[in-house]
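In: I would like to see how this sequence folds:
(chains A, B and C)
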Amino acid sequence: MQIDRRFSRMTRRGAMKGVAAASLALGLPAILRAAPSQMVVATGGGKLEEAYQKSVYTPWTAKTGIKIVGAPNTSAKLKAMVEQKAYEWDICQVAAEFAAQAAKQGLLEPLDYGVIDKSKMLPNTCFEHFIVSDVVAYHIAWNTKNVKPGAEPKNWAEFWKAPGRRGLWKRPFQTMEVALMADGVDKDKLYPLDVDRALKSLDKIKASTLFWNTGAQSAQILIDGEVEISATWNGRVHDPKRAGAPVDYHYNQALFVSDAWAIPKGAPNKKEAMEMIALAMSPRGQADFAKLIPYGPTNTAALALLDAPTLEALPSSEANFKKGVFLDVTYWADNGDRVGPMFEKWVL
Amino acid sequence: MQGRSTLTSRPDGPTARPWSATGFYGWLLAVPTGFLAVFFAWPLLRVVWRGFTDPHPGLANFVTVFGDGPYLFVLWNTIETAATVTVLCLLIAYPIAYVMSKARGMSLQVMAALVLIPLWTSVVIRSYAWMVVFQRRGILNDLLLAAGIVDTPVRFLPGSFGVHVGMVHIMLPFMVLPLLSSMRSIDRTLLRAAAVLGASPSNAFLKVFLPLSLPGVNAGVALVFMTSLGFFVTPALLGGPRHMTAAVLIEQQANTYLNWGLASALATTLLVITLAIYLVYLRVTGGAAEAALAR
Amino acid sequence: MRVALPSFTALALVYLVLPSLIIVPMSFSNQLYLTFPPPGWSTQWYGAMQTDLSWPQAAANSFLIGVPTALLSVALGTLAALAVVRGRLRFAAAASALLVAPMLLPHVIIAIGLYPVMLDLGLLRGYLGVIIGHTVVAMPLVFITVAAALRTYSESLELAAMTCGAGPWSAFRHITFPMIRMGVVVGGLLAFATSFDELMLSLFLTGPGTRTLPRLIWEQMNAYLTPTIAAVATLILGFSLLLLAVVAVLQRARPVESQAP
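Out: Numbers count the residues shown, from 1 in each chain, chains lettered A, B, ... in the order given. Alright, predicted model coming up:
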């Protein structure tokens, strides 16, 4: 199979070269691999990319002269890139559970922890092939017009019992974990997940639950009162709450999820990529990022650089971090293709 | 209208061919087909190939697709949704096209514009507008509550209702246009002749007009059904878990689970279904595909 | 029946324009999040759109991709139509089926197939990859409209010109092209519109700096629902109406081709 693919690639390359040459002859833009005067960093885009632009890319360019171009991290692309050794990205930032899966499939370059300083990192954030860069909370939130002060669910068990409609994410990861917490599983004893128990727990609320697709939807249904309570990510409700939207939240029993930096296996500019990740993971880089978007640093040294009001909103501040628990990315990398379809089938 | 020229006899015999003009035209086909061979046929072959080889050679991915997982349900759901949307489109579009086919001048222009406007509005944005209409505190519920039809807001989202309304909205122009083309080419003197011979208006419609408009119905149904099989945005935004379509599933397998083999196997299955329907359609219409669609 | 039919049609037409009627007022909302009807009015989201550079950039990209897509589709689609309608090919029906197929197949299949091919060719860092991808799905529209135009008149005119000594190019330039011009223009506009609204191929084939409007709208919608999206939608709607008016005027000038969808 491996030989087959290489063979077919060679003949394909030969056949395609003519086409590429023709496109050059037509004066169309030549797409050549630039010397590292520029690097491509793939992220989730939007506000996240804006925040990295200010907190990491600009200082990096000032320091090295290497420009950073942002790209959307359509994760399916990673596999094709590595298989064909044709790289669109130098560095990518993807969901940590995706990074774990990609690492398992051999798609990521091992990180050089001689360049990246991991001495002050939170536990379970430094992996061989990726480094966890932020802490986002998947937590309980409610509409303040429909839920009277004091009546909001304090934990997932109350979230399950609350009257009215509730929202949960339409994906297995995170939703299965909170289903177990609702059923009384201790937050530190979630893994390995008891899948049957999680689905049985979800059975109890299926009829009154709206399964949403995207973070934006979760915020919108909360604000509109489409649901009384919902699980959501803190970055989605932080700004609307400040702007006076009828929504509030807390971090009790929150499930902490993350993004991670990684380098596609075999990507050129590996050395510079390590250095940029090191800069992004430095206390200053992490603190500047957290000031722009309420995703907590994973480098504990960054927390010391932040003021109290900022810390209050961050999932990884000392006070908030002990309220919740980290999602086990290795569990999902090892069991995702088995547990995922079980959930998808249940939810149908 | 244009399709009719295929029915009338044309000087197709070799005697009508002066030197190499038509031969020259034939050679022109090399350029577009070459383009499609490299950028359409070849990529599709690679998808099929991957379905059988990734991560291991064999039928494992197809066993998963047709096995005890959620995949078969999703494929079936995709077909069922496409069929529902097609039927709804036909029921709504036929009267519109009928009225338009009789209209003239300004009123025709206005109606044509109203049919075409959605065609030029982003699908993503339209789905987003429907979200606003169907929310629990949305416009529709406001109206229903104000009119006293319901006491508590109706839950439209996520649900079949929203998905169907959104998809029908997107596909409706693709049903109206072929119907209109076909109806406008119907010779109205035939209807008058039927009336003279004593047919009631409804009889004349059923026995004369309806059969003559069938080519447009065929074209519209095929176009709408095949396109609906590939829907992504609308079900992803307006649908709940039960409304997952094959396109959403394929994207999710490739993007979230990094499972290109299964994504390719699903894509191959969807490809086979679509091509089968396409072939049946070509059989039914009997002519060149483009002529049938332009009709 | 006399009342029922027109009122049903009127209702159906209202249904068709309803989403557009909602988006416009929403774009003038004074709220940070989406509400309808908005409690107050402001033009701040149009301002926000200008300051956030990604919107103008995405709009520029959509044009830089849409226009070449339309031109390439016109070139390839017209050649295909000439060959199929005038070429007297034995396999014309098969060729026609192949040429129309890309428009009908789910884009997601084409997208996951085309991405590795484009990687191999190294076409993803610029606009060329996505232009080619969009042309694959847009070309059938030109093929359909031009073929329809070609079928509306007899080829005896061209044959006459050629008999009188005109070469194929000259016959095309002076006889064929003027007859099918409207089909070409309408097909080109439809091709542009397809590219302008295409999401799935753009998700896979656009890279850094080539992100299109539908893709940016999609990304923003997955992350934050703000009235900026409504403002963008309103502007796009205005632009689309303009295009539509152009098509209408062109078609009125030449009613022969007005059947082309």
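In: CA only for contacts and neighbour counts going forward, please
Out: Will do.
In: how about residue 41, phi and psi?
Out: Assuming you mean chain A. Main-chain torsions, residue A:41, degrees, to the nearest 10: phi -120, psi 120.
In: other chain: chain C
Out: Dihedral angles (degrees, to the nearest 10) for residue C:41: phi -120, psi 150.
In: ditto for residue C:155
Out: phi -80, psi 0.
In: Tell me how many other residues surround it.
Out: 16 (other CA atoms under 10 Å in any protein chain shown).
In: what sits against it?
Out: By CA atoms under 8 Å, 6 or more residues apart in numbering or on different chains, residue C:155 lies in contact with residue C:86.
In: Can you list the low-confidence ranges for the stretch 151-261 of chain C?
Out: Along the stretch 151-261 of chain C, segments meeting pLDDT under 70 span C:208, C:251-261.
In: And the stretch 1-150 of chain B, by the same measure?
Out: The stretch 1-150 of chain B contains residues with pLDDT under 70 at B:1-22.
In: From chain C, how far out is residue A:84?
Out: As judged by CA to the nearest CA, to the nearest Å, residue A:84 and chain C stand 7 Å apart.
In: who touches residue 49 in this structure?
Out: All of this is about chain A. A:43, A:70.
In: actually it's chain C I care about, not the one you picked
Out: Per CA under 8 Å, 6+ apart, neighbours of residue C:49: C:55-56, C:228, C:231-232.
In: between the residues you listed, which has the most around it?
Out: Counting by other CA under 10 Å, top hit in the contacts of residue C:49: residue C:228 with 29 neighbours.
In: distance of that one from residue B:135?
Out: Residue C:228 is 19 Å from residue B:135, where distance means CA to CA, to the nearest Å.
In: In this model residue A:224 seems to touch residue A:245, though I could be wrong.
Out: No: using CA atoms under 8 Å, residue A:245 is not in contact with residue A:224; the gap is 9.3 Å.
In: residues near residue B:257, how many?
Out: Residue B:257: 21 neighbours (other CA under 10 Å).
In: now do the one 3 residues further on
Out: Residue B:260 is surrounded by 25 other residues when neighbours are defined as other CA under 10 Å.
In: if I look at it, how far off is residue B:53?
Out: Where residue B:53 is concerned, residue B:260 sits at a distance of 10 Å (CA to CA).
In: Would you state the strands of the stretch 101-250 of chain B in chain order?
Out: Along the stretch 101-250 of chain B, no stretch is classed among the strands by DSSP state E, counting those that start in this stretch.
In: How about the stretch 151-300 of chain A?
Out: Taking DSSP E, counting those that start in this stretch, the strands of the stretch 151-300 of chain A run over residues A:166-169, A:209-212, A:229-233, A:247-257, A:259-262.
In: ok, the second one near chain B or not?
Out: What it means is strand A:209-212. Yes: using CA under 8 Å from any CA of the partner chain, strand A:209-212 reaches chain B at A:210-212.
In: Residue A:78 falls within a helix, correct?
Out: Yes: residue state for residue A:78 (DSSP: H, G, I helix; E, B strand; the rest coil) corresponds to a helix.
In: what does the stretch 51-200 of chain B put close to chain A?
Out: B:53, B:56-57, B:69-70, B:135-137, B:158.
In: how does it look with 6 Å?
Out: B:70, B:136 (CA under 6 Å from any CA of the partner chain).
In: helix/strand/coil for the residue in the stretch 51-200 of chain A that chain C sits nearest to?
Out: Nearest to chain C in the stretch 51-200 of chain A, going by CA to the nearest CA, is residue A:71, at a distance of 4.3 Å. Using three-state DSSP, the structure places residue A:71 in strand.
In: wait, doesn't it sit right on residue A:42?
Out: Yes: contact criterion CA atoms under 6 Å: residue A:71 and residue A:42 qualify, at 4.3 Å.
In: what's around residue B:240, how many residues?
Out: 22.
In: Sweet, I'm off.
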